[in-house]
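Student: the following comprises the amino acid sequence and a computationally predicted model.
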Amino acid sequence: MKEIILSGIQPSGKLHIGNYLGSLRNFVELQKQHECYFFIADYHSISEDYDPKQKQAQVIELTRDYLAAGLDPKKCTIFAQSHLSQHTELAWIFNCVTPISYLERMTQYKDKASRQKHNINMGLFDYPVLQAADILMYKATAVPVGIDQDQHVELTRQIARFFNKRFGNTFTEPKTLHTDTPKVMSLLEPEKKMSKSLGDNHCIYIDDEPEAIKSKLAKAVTDTGDGKGVGAQNLLDLIKIFSDKKIHDKFVNDSNAGNLKYSELKAQLATDIAEYFADFRKKKKEISNNDVKKILSDGATKASKVATQTLDEVRKKIGIR
């Protein structure tokens, strides 16, 4: 069955392997058989602390990541959220049917608010409603997300039900799509999810050069050699993804025997991750800013046709037009 897929990533700095494995790699596969909309979630990104002077560069950087990873504008629609005013308008309409109590339950809000206590703004609180507008605007049937976003997608389904019950059947309730690797842990604090906010040495960025990858892995937390520590398991999970099966099996056998040599594992993993993203690094360097601007412009034009149609339908149903 052909699905309508929508997902986006915030332009807030470099993408790490957790972002890639949890979403971007999945995007590339989904575009081959479904109708896909992949956007740059720049309005979402301004709810957190950021430098306005860097935002456009971040939008361009993330779009280059999309393209270098294999997203094809001929197979999917790529656009920037802020280029379509329909998203924020639909979010306001959804605000008027969404109970505050539902937003107060959102664990992501509580987590983000705890990390920027000096800037607990309305955008952090209302983020899930805008996300619902992003998704429902295109009548998406499935949303590829990390498991930390499941609660938001469930709220999207609830908002669709609220609207449909009050104004008539309009929106499909989308399902979530997870990858085989929904979560990658920090190299230095493996009990925490890999995140840029923890610091560069906690992450392996997908455009890191080989020496940077080697240096970061050398510092990764492990254990005494039995492979039972969460840091060790994180590295073994990565070996399974990025290395040959025989290599993975060899390190697992060493782990089970209690004599896993982490210097060897880290060196092998550094080599294999660097090789895995070699083509990505090459392609990214070949994509110009003008290429990106043209693709985003074309994508906004294409997406706008669908968004305008949806919003016209919504306006009529709520009595605005």
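Tutor: Looks like it came in fine. Remember, predicted model here, so these are calculated numbers, not experimental data. Numbering: from 1, shown residues only.

Student: all strands for the stretch 101-250 of the chain, in order.
Tutor: With strands called from DSSP state E, counting those that start in this stretch, the stretch 101-250 of the chain shows them at 142-144, 175-177.

Student: spatially, what comes nearest to residue 234 if we skip its sequence neighbours?
Tutor: Computed as C-beta to C-beta, 6 or more residues apart in numbering, the closest residue to residue 234 that is not its neighbour in sequence is residue 185, at 4.4 Å. Every C-beta, even on glycine, is put in place using the N, C-alpha and C of the backbone.

Student: please name the bridge partners of the one you found.
Tutor: In this entry, residue 185 is beta-bridged to residue 193, by DSSP bridges.

Student: now it: how far from residue 17?
Tutor: As judged by C-beta to C-beta, to the nearest Å, residue 185 and residue 17 stand 11 Å apart.

Student: who touches both of these two?
Tutor: Common neighbours of residue 185 and residue 17, using C-beta atoms under 8 Å, 6 or more residues apart in numbering, are residue 194.

Student: please enumerate the helices of the stretch 151-300 of the chain.
Tutor: Using DSSP state H, counting those that start in this stretch, the helices of the stretch 151-300 of the chain run over 210-218, 230-242, 245-257, 262-276, 278-286, 289-318.

Student: hmm, who's touching the worst-scoring helix or strand of the chain on mean pLDDT?
Tutor: Lowest by mean pLDDT, DSSP states H and E among the helices and strands of the chain is helix 107-115, with a mean of 75. With contacts defined as C-beta under 8 Å, 6+ apart, helix 107-115 is touched by 47-48, 103, 120, 124-125, 127-128, 148-149, 151-152, 197.

Student: buried among these? Make that a ChimeraX selection.
Tutor: To isolate the buried members of the contacts of helix 107-115 in ChimeraX, using 16 or more other C-beta atoms under 10 Å:
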select :47,48,103,124,125,127,128,149,152
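
Student: among the contacts of helix 107-115, find the lowest-pLDDT one for me.
Tutor: Checking pLDDT across those, the minimum falls on residue 148 at 76.

Student: isn't that one right up against residue 193?
Tutor: Yes - applying C-beta atoms under 8 Å as the test, residue 148 and residue 193 come out as touching, 7.5 Å apart.

Student: any common contacting residues for those two?
Tutor: Common neighbours of residue 148 and residue 193 (criterion: C-beta under 8 Å, 6+ apart): residue 183.

Student: show me what contacts the residue nearest to residue 265 when sequence neighbours are not counted?
Tutor: Spatially, and ignoring its direct neighbours in sequence, residue 265 is nearest to residue 251 (5.4 Å; C-beta to C-beta, 6+ apart). Taking C-beta under 8 Å, 6+ apart, we find residue 251 in contact with 236, 239, 260, 264-265, 268.

Student: need those residues in a markdown table (columns: pLDDT).
Tutor: Shown next, in a markdown table, are the contacts of residue 251 (pLDDT from 0 to 100):
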| residue | pLDDT |
| --- | --- |
| 236 | 93 |
| 239 | 95 |
| 260 | 88 |
| 264 | 95 |
| 265 | 95 |
| 268 | 97 |
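
Student: pull out the buried residues from those.
Tutor: Here, 16+ other C-beta under 10 Å leaves 236, 239, 260, 265, 268 buried among the contacts of residue 251.

Student: any buried residues in stretch 276-285, and which?
Tutor: By neighbour count with 16+ other C-beta under 10 Å, stretch 276-285 contains the buried residues 277, 280, 284.

Student: do stretch 51-67 as well
Tutor: 55, 58-67.

Student: re the thing from before, burial count for the residue nearest to residue 234?
Tutor: The number of residues packed near residue 185 is 23, by other C-beta atoms under 10 Å.

Student: then residue 317?
Tutor: Residue 317 has 17 neighbours, counted by other C-beta under 10 Å.

Student: need the contact list for the closest residue to it other than its chain neighbours.
Tutor: Once flanking residues are discounted, residue 317 sits nearest to residue 167: 4.2 Å by C-beta to C-beta, 6+ apart. Going by C-beta under 8 Å, 6+ apart, residue 167 touches 314, 317-318.

Student: try residue 132
Tutor: Residue 132 neighbours (C-beta under 8 Å, 6+ apart): 91, 94, 98, 152, 155-156, 159-160.

Student: hmm, which of those is lowest in pLDDT?
Tutor: residue 152 (90).

Student: wait, isn't it in contact with residue 128?
Tutor: Yes - contact criterion C-beta under 8 Å: residue 152 and residue 128 qualify, at 4.7 Å.
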